[in-house]
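Undergrad: I need the structure of the sequence given here:
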Amino acid sequence: MNITTTLRDDGVAVLAVEGRINLVSAPDLRRAVQSVVDEGSARVAVDLSAVEFIDSSGLGALISGLKTARTAGGDLRLAAATEQVTSVLQLTNLDRILRVYPSPDDAYRD
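TA: Here you go, the predicted model:
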């Protein structure tokens, strides 16, 4: 799994994730979210357009990131989730907790 972090002009940190989010890589995602929040970007968008697979450890990392961002007064939103990721979110009902947007740009238009 690779994560590319971009800080937008509006203060939103976009984490573009590529590959598989599983037991091995989930801690890296947790650390990436914690890092951007520690640097002052509590509004986080996770771009999942290049994620091939996510398991329960990956879901746990997203929930952990959501809690981290909200504790800092922000939010964590998902963007461009692939069909596989969307299916897992729906099957686990996490799509009710983790908001999914069409693109990182759409995640914080409100």
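
Undergrad: what about Ala50, is that helix, strand or coil?
TA: strand (DSSP: H, G, I helix; E, B strand; the rest coil).

Undergrad: so Asp10 sits in a helix?
TA: No - with three-state DSSP as the criterion, Asp10 is coil rather than part of a helix.

Undergrad: what is the burial count for it?
TA: 9 (other C-beta atoms under 10 Å). Every residue, glycine included, has its C-beta placed from N, CA and C.

Undergrad: got it, and Gln90?
TA: Neighbours of Gln90 using other C-beta under 10 Å come to 12.

Undergrad: hmm, who's touching the host helix or strand of it?
TA: Assessed by DSSP states H and E, Gln90 sits inside helix 83-91. Contact with helix 83-91 is made by Leu48, Val51, Glu52, Phe53, Ile54, Leu59, Leu78, Ala81, Leu94, Asp95, Leu98, Val100, as judged by C-beta atoms under 8 Å, 6 or more residues apart in numbering.

Undergrad: give me the mean pLDDT for the next helix or strand along the chain from that helix.
TA: Once the chain leaves helix 83-91, the next helix or strand it forms, by DSSP H and E, is strand 100-101. Per-residue pLDDT over strand 100-101 has a mean of 96.

Undergrad: do stretch 74-94 as well
TA: The pLDDT scores in stretch 74-94 average 97.

Undergrad: starting at the chain centroid, how far to it?
TA: 9 Å (C-alpha atoms, centre = their mean, to the nearest Å).

Undergrad: stretch 45-56 too?
TA: In terms of C-alpha atoms, centre = their mean, the centre of stretch 45-56 is found 8 Å from the chain centre.

Undergrad: may I have it as CSV, with CA atoms only?
TA: Output in CSV follows, covering the C-alpha atoms of stretch 45-56 (Å, rounded to 0.1, in the frame of the first residue of the first chain):
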residue,chain,number,x,y,z
ALA,A,45,-10.3,13.1,2.9
VAL,A,46,-9.2,9.6,2.1
ASP,A,47,-9.1,9.0,-1.6
LEU,A,48,-9.9,5.3,-2.1
SER,A,49,-10.0,5.3,-6.0
ALA,A,50,-6.9,3.1,-6.2
VAL,A,51,-7.7,0.7,-3.3
GLU,A,52,-8.2,-2.9,-4.6
PHE,A,53,-9.1,-4.5,-1.3
ILE,A,54,-10.0,-3.7,2.3
ASP,A,55,-10.4,-6.0,5.2
SER,A,56,-11.6,-5.6,8.8
